[in-house]
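**Q** Structure for this input, please:
(one chain, ligands or ions: 2)
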Amino acid sequence: MDKKQLWISAGIILNAQQNQVFITQRAAKAHKGGFWEFAGGKVERNETAEQAVVRELHEEVGIDVTGLEHFMSLSHDYPEKSLKFDFFLVTNFEGEAFGKEGQPGKWVDIAALEHADFPEANAVVLDKLKLR
Ligand SMILES: Nc1nc2c([nH]c(=O)n2[C@H]2C[C@H](O)[C@@H](COP(=O)(O)OP(=O)(O)OP(=O)(O)O)O2)c(=O)[nH]1
Ligand SMILES: [Mg+2]
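**A** Ligands and ions are numbered 1, 2, ... in the order given. Take a look at the predicted model:
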């Protein structure tokens, strides 16, 4: 049987100085539970990737995005499912980022991001972020 294919849109939330990003920890029971992530989720039917990331960041980290820039697209096959991602830089937002669904969240220096535990798919995103 073919693996489940999903389209995920996620936001790399930058602080004003653009030297830190806000990351959240996935729920223990979720796919890739315990790993840190850029908040986001599935793009719904009739939604663009931009609309999805704005919606997800409101739901998951309580911010209203006012500045968004496409950063990169990638595909990654996990044994359980095959994913297509769009990652966006969030360059402006209203509100305070926090783990709105009770999940841990933290601001991390981009220079120290490799020490956070991200899922495999994120490796190329972290590499590109450091080169900015
Ligand atoms: N949001 C997000 N997901 C990631 C990242 N890296 C990574 O491998 N993933 C994977 C984990 C999941 O398999 C998938 C996200 O799908 P999900 O099903 O958890 O999405 P969700 O619950 O947040 O979406 P939704 O049901 O709220 O729409 O993408 C990342 O940086 N951010
Ligand atoms: Mg999510």
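**Q** from memory residue 101 sits against residue 60, does it?
**A** Yes. Judged on C-beta atoms under 8 Å, residue 101 makes contact with residue 60 at a distance of 5.8 Å. Every residue, glycine included, has its C-beta placed from N, CA and C.
**Q** Name the residue in those two with the higher neighbour count.
**A** residue 60 (22 against 13; other C-beta atoms under 10 Å).
**Q** hang on, isn't that one packed against residue 26?
**A** No. Assessed by C-beta under 8 Å, residue 60 is found out of contact with residue 26, at 10.6 Å.
**Q** Please, where are all the strands along the chain?
**A** Per DSSP state E, the chain carries strands over the ranges 4-14, 20-25, 36-37, 40-42, 64-77, 81-94, 105-109.
**Q** and the gap between the residue most central in space within the chain and residue 2?
**A** By C-alpha atoms, centre = their mean, the chain has its centre lying nearest to residue 38, at 2.3 Å. Here residue 38 is placed at a distance of 27 Å from residue 2 (C-beta to C-beta, to the nearest Å).
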